[in-house]
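> Dropping the sequence and predicted coords here.
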Amino acid sequence: MLSRLHHWSQHLLAHLPAVLPSSCALCGVSNAHTICNGCSKQFFAPRGGSCPQCAMPHETGASERCGNCLKQVPAFDATIAAVDYGAPLDQLVVSLKFGGRLALAPMFASMMRDALLRSPGISLPTVLAPVPLGSARLTQRGFNQALEIAKPLSRMLGVALEPRLAVRLRETAAQSTLHPEQRRLNLREAFTVSETVMESLRGRHVGIVDDVMTTGATLNELAATLKRFGAARVTNFVFARTPLT
């Protein structure tokens, strides 16, 4: 299955619209690709061993679930992360989310696909959905970065995209401004499932797409919501995972 996925995704990636920038997004050197070969080799080595449920790196390189997931089991079942969140890769996230550099989204999706291919035992979801933005933040930003990543990822994986599967019920404070406990409270009952897909959600494996996973509070609340409405399994697909400090 994964070998066929690799073949399909390479074909689809080759036929994506030619909207990539003409210089490397990290070093600025003139380049035909989003990231030059030098930066790719220096900064994009595959991640080491990590918890299969939350994608937190293990110091030992082990692939078993981490202590945090064993003590307090998350609502989501697995997490695929392409890179660790830190300099200089954090600037790519900032450029997409706040700089509107949407040409980075297909690159993020490509790396997330590659991370999936390196994760034996992880099954493909039956549907993909982005983490939804509140209406005020969507109006302010003009786009949902999670949806922009989910679009090419859907094509690369051959998995249907449901952009409005999850709905944000209320505006919440920016998670980056809050402490971990405040993040959980901030998101309580923040999501629901669109009425148009409630019946079809039961028993399905949902892949949730986002740019960064920090504490996992947003993804956990969303996964819990999806499972209350009948989802059988939830896998997170994120570009970057923030290591514990």
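On my side now, so go ahead.
> going forward, measure contacts and count neighbours with C-alpha atoms only.
Fine.
> now the chain, which segments are flagged as low pLDDT?
The chain contains residues with pLDDT under 70 at 1-21, 32, 59-63, 171-188, 245.
> so where do the helices sit in it?
Counting by DSSP state H, one finds helices in the chain at the ranges 2-14, 37-43, 67-71, 90-97, 104-117, 135-141, 145-157, 180-186, 198-201, 217-228.
> can you tell which of those is closest to D77?
Among these, the nearest to D77 by CA to CA is helix 217-228 (8.7 Å).
> on contacts alone, who are the packing partners of the closest one?
helix 180-186, strand 191-193, strand 233-241 (3 or more CA pairs under 8 Å, 6 or more residues apart in numbering; DSSP states H and E).
> Next, the angle from the last one to helix 104-117.
Think strand 233-241. Counting by axes from the mean of the first three to the mean of the last three CA atoms, to 10 degrees, strand 233-241 lies at 120 degrees to helix 104-117.
> what comes into contact with strand 233-241?
Residues outside strand 233-241 that contact it (CA atoms under 8 Å, 6 or more residues apart in numbering): 55-56, 75-85, 108-109, 111-112, 125, 203-214, 219, 223, 226-227.
> Within its sheet, name the partner strands of it and how each one runs.
strand 78-84 (parallel), strand 205-213 (parallel) (DSSP bridges).
> How about C27: what's its closest non-neighbour residue?
If the residues on either side of it in the chain are set aside, C27 comes closest to C39, at 7.4 Å by CA to CA, 6 or more residues apart in numbering.
> Distance of that neighbour relative to D210?
Going from C39 to D210 by CA to CA, to the nearest Å gives 23 Å.
> And these two? Which one has more around it.
D210 (25 against 13; other CA atoms under 10 Å).
> what's the more buried one in contact with, if anything?
P130, V131, Q145, A146, L147, I149, A150, N236, F237, V238, F239.
> and of the residues you listed, the nearest to R170?
V131 (13.5 Å).
> tell me, how many neighbours does that closest one end up with?
Here the number of neighbours of V131 (other CA under 10 Å) works out to 25.
> Assess the claim that it and V209 are in contact.
Yes: using CA atoms under 8 Å, V131 is in contact with V209, at 6.1 Å.
> Skip the chain neighbours and tell me the closest residue to E148.
A105 (5.9 Å).
> Please verify my assumption that that neighbour contacts L96.
Yes: A105 lies in contact with L96 (CA under 8 Å); the separation is 7.3 Å.
> if you count what's nearby, which of the two comes out ahead?
A105 (25 against 19).
> mind checking how far the more buried one is from R47?
With CA to CA as the criterion, A105 and R47 are 20 Å apart.
> check contacts around L116.
I80, I122.
> that older thread, need the buried ones from the contacts of strand 233-241 selected in ChimeraX.
Here is the ChimeraX selection string for the buried members of the contacts of strand 233-241, based on 16 or more other CA atoms under 10 Å:
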select :55,56,75,76,77,78,79,80,81,82,83,84,85,108,109,111,112,125,204,205,206,207,208,209,210,211,212,213,214,219,223,226,227
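> still on that earlier bit, out of the contacts of D210, name the two that are farthest from one another.
Q145 and N236 (15.1 Å).
> if you count what's nearby, which of those two comes out ahead?
N236 (29 against 26).
> ok, back up a step: of all the strands paired with strand 233-241, which lies closest to F43?
strand 78-84 (9.1 Å).
> contact partners of that closest one?
Applying CA under 8 Å, 6+ apart, the external contacts of strand 78-84 come out as 44, 46-47, 52-55, 108, 111-112, 114-116, 119, 122, 234-243.
> I would like a ChimeraX command selecting only the buried ones among these, please.
The ChimeraX command for the buried members of these (criterion: 16+ other CA under 10 Å) is given here:
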select :52,53,54,55,108,111,112,114,115,116,122,234,235,236,237,238,239,240,241,242
